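Student: Below is the sequence, then the predicted model.
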Amino acid sequence: MNIPNSQKELPSVGKQFKCSECGKTFVKKGDLHIHIRLHTGLKPYHCTECGKCFRLSSTFKQHQRIHTGEKPYQCAECGKAFSAKPLLNYHLRIHTGEKPCKCTECGKCFRENSTLRRHQRIHTGEKPCKCTECGKCFRERSALRQHQRMHSGEKHGEKITTKTDSNIHQRTHTGEKPFTCTECGKRFTRKDSLHSHLRTHTGEKPFKCTECDQCFIRLGTLKVHQRIHTGERPYMCTDCGKSFMEDSYRKRHQRVHTGEKPYMCTDCGKSFIVKSALKKHQTVHTKEKPYACTECGKSFSTKNQLSSHISVHTGAFTCTECGKQLSRKETLERHIQLHLEEKIITCTICGKVFSNKRNLLYPLTTHTGEKPFICTE
């Protein structure tokens, strides 16, 4: 794109160079040239490693650090290093607690503009990420990518390669589930999914952890479990730096930052971050109490309430001092404190503390001069 003379020789002081496409003005001619690339699509900086092109020299240099592994910007607080200064600046907000990006709708604050923009879609209802296959729209790119696997047949990086795979994939669209469990009647799209499910009935757990000998029904569950031993947490939250063993945990956690609550109660409209919280809430409306005590038949809304109640029958918490059985851990702790208080006795003369009355009697004689023990010899 050629720059007209009118853009080069504006007599006004300050912003002299004007873009003929959008009207934006610039102080320097070089800035105008760089800006014009937005309209022309010109990306003159080419990465020889991966072929990616860039509009700005600074962005290109930053990108090259992905290949070289260079991270010149280090956090003075925790030592973590970054390839670009803006990334370090965002990270520093974790330590300072600074959240400069505020939502004008609800007042919620965020560390990054990108997180704020994602959050604002909750208020606007905007779903800018559109599936080219079926037209379905999503708030976030990650949700779109996950959805697109349904069309491509891709799962964990594996694509459809055979006619059999194609037939199996088509069932995601048709809803066909030809494989039925003879035990409970549950249906499946794949034969291997049925085989995996059958282990819940047989109790078979063929996948064993070599570290702790714990066994699992599925190989995928074993792989996730092994991260407990290795300490691996490959899924990191870009907002606060917290890491997770599973991507589903990270996605659920990120809703804390975005404020997204996708699970809504159809009775009262209240929304929740996780499905389990919605189910728990719905018992308020249904009065449903699905958790019944096998001892007395009493029913409860939540599993935690049932667990707490069961200890009434089992006397789960026993005092080692007197053998008394108590229904709750907190009650046992308070009860033990009573024994401790009974043991602690203070000498009224010197203030010294003793563990019991017998131990107190001997030092008392040092104050009174009493010598109660006489040698018979």
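Tutor: Structure's in. What do you need?

Student: Okay, strands next: where are they in the stretch 151-300 of the chain?
Tutor: 179-180, 187-188, 207-208, 215-216, 235-236, 243-244, 263-264, 271-272, 291-292, 299-300 (DSSP state E, counting those that start in this stretch).

Student: For the second one, give me every contacting residue.
Tutor: Judged by Cβ atoms under 8 Å, 6 or more residues apart in numbering, the contacts made with strand 187-188 from elsewhere in the structure are 177-181, 194, 197. Where you see a C-beta, it was placed from the backbone N, CA and C, and this is true even at glycine.

Student: Tell me which of the strands of the stretch 151-300 of the chain sits nearest to residue 69.
Tutor: strand 235-236 (17.5 Å; Cβ to Cβ).

Student: The closest one - what's its average pLDDT?
Tutor: If you average the pLDDT over strand 235-236, you get 82.

Student: can you check stretch 213-226 too?
Tutor: 85.

Student: again with stretch 126-142
Tutor: pLDDT averaged over stretch 126-142 gives 82.

Student: List the buried residues in that stretch.
Tutor: Across stretch 126-142, burial judged by 16 or more other Cβ atoms under 10 Å covers 129, 138-140.

Student: again, but for stretch 46-55
Tutor: 54-55.

Student: Then stretch 206-225?
Tutor: Buried residues in stretch 206-225 (16+ other Cβ under 10 Å): 207, 216-217, 222, 224-225.

Student: how about low-confidence regions in this protein?
Tutor: Counting by pLDDT under 70, the ranges of the chain that qualify are 1-15, 149-175, 311-312, 314-316, 327-328, 339-377.

Student: Tell me where it has helices.
Tutor: If DSSP state H is used as the criterion, the helices of the chain fall at 5-8, 29-40, 57-68, 85-96, 113-124, 141-152, 163-174, 191-202, 219-230, 247-258, 275-286, 303-314, 329-343, 357-368.

Student: Can you add distance to residue 240 and give the ones you listed back as JSON lines?
Tutor: Output for those, formatted as JSON lines (distance: least, Cβ to Cβ, whole Å):
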{"stretch": "helix 5-8", "distance to residue 240": "45"}
{"stretch": "helix 29-40", "distance to residue 240": "32"}
{"stretch": "helix 57-68", "distance to residue 240": "23"}
{"stretch": "helix 85-96", "distance to residue 240": "6"}
{"stretch": "helix 113-124", "distance to residue 240": "10"}
{"stretch": "helix 141-152", "distance to residue 240": "17"}
{"stretch": "helix 163-174", "distance to residue 240": "35"}
{"stretch": "helix 191-202", "distance to residue 240": "35"}
{"stretch": "helix 219-230", "distance to residue 240": "20"}
{"stretch": "helix 247-258", "distance to residue 240": "7"}
{"stretch": "helix 275-286", "distance to residue 240": "21"}
{"stretch": "helix 303-314", "distance to residue 240": "28"}
{"stretch": "helix 329-343", "distance to residue 240": "32"}
{"stretch": "helix 357-368", "distance to residue 240": "53"}
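
Student: Could you point out which of those helices sits nearest residue 17?
Tutor: helix 29-40 (4.2 Å).

Student: on that earlier part again, using TSV, lay out the strands of the stretch 151-300 of the chain together with distance to residue 35.
Tutor: Shown next, in TSV, are the strands of the stretch 151-300 of the chain (distance: least, Cβ to Cβ, whole Å):
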stretch	distance to residue 35
strand 179-180	59
strand 187-188	56
strand 207-208	57
strand 215-216	57
strand 235-236	34
strand 243-244	39
strand 263-264	44
strand 271-272	42
strand 291-292	64
strand 299-300	65
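
Student: And these: which comes nearest residue 119?
Tutor: Of all the strands of the stretch 151-300 of the chain, strand 271-272 comes closest under Cβ to Cβ, at 14.0 Å.

Student: other SSEs contacting that closest one?
Tutor: strand 263-264 (3 or more Cβ pairs under 8 Å, 6 or more residues apart in numbering; DSSP states H and E).

Student: and the strand it packs on, which strands flank it?
Tutor: strand 271-272 (antiparallel) (DSSP bridges).

Student: from the chain's centre, how far out does the partner strand sit?
Tutor: 16 Å (Cα atoms, centre = their mean, to the nearest Å).

Student: ok, and what's touching that strand?
Tutor: Under Cβ under 8 Å, 6+ apart, the answer for strand 271-272 is 261-265, 278, 281.

Student: same deal with stretch 287-297?
Tutor: Under Cβ under 8 Å, 6+ apart, the answer for stretch 287-297 is 282-283, 298-303, 305-306, 309-310, 313.

Student: 6 Å - rerun?
Tutor: Residues from elsewhere that reach stretch 287-297 (Cβ atoms under 6 Å, 6 or more residues apart in numbering): 299-301, 303, 306, 309, 313.

Student: From these, pick the one nearest residue 96.
Tutor: residue 303 (39.9 Å).

Student: From residue 284, how far off is that closest one?
Tutor: Residue 303 sits 16 Å away from residue 284, going by Cβ to Cβ, to the nearest Å.
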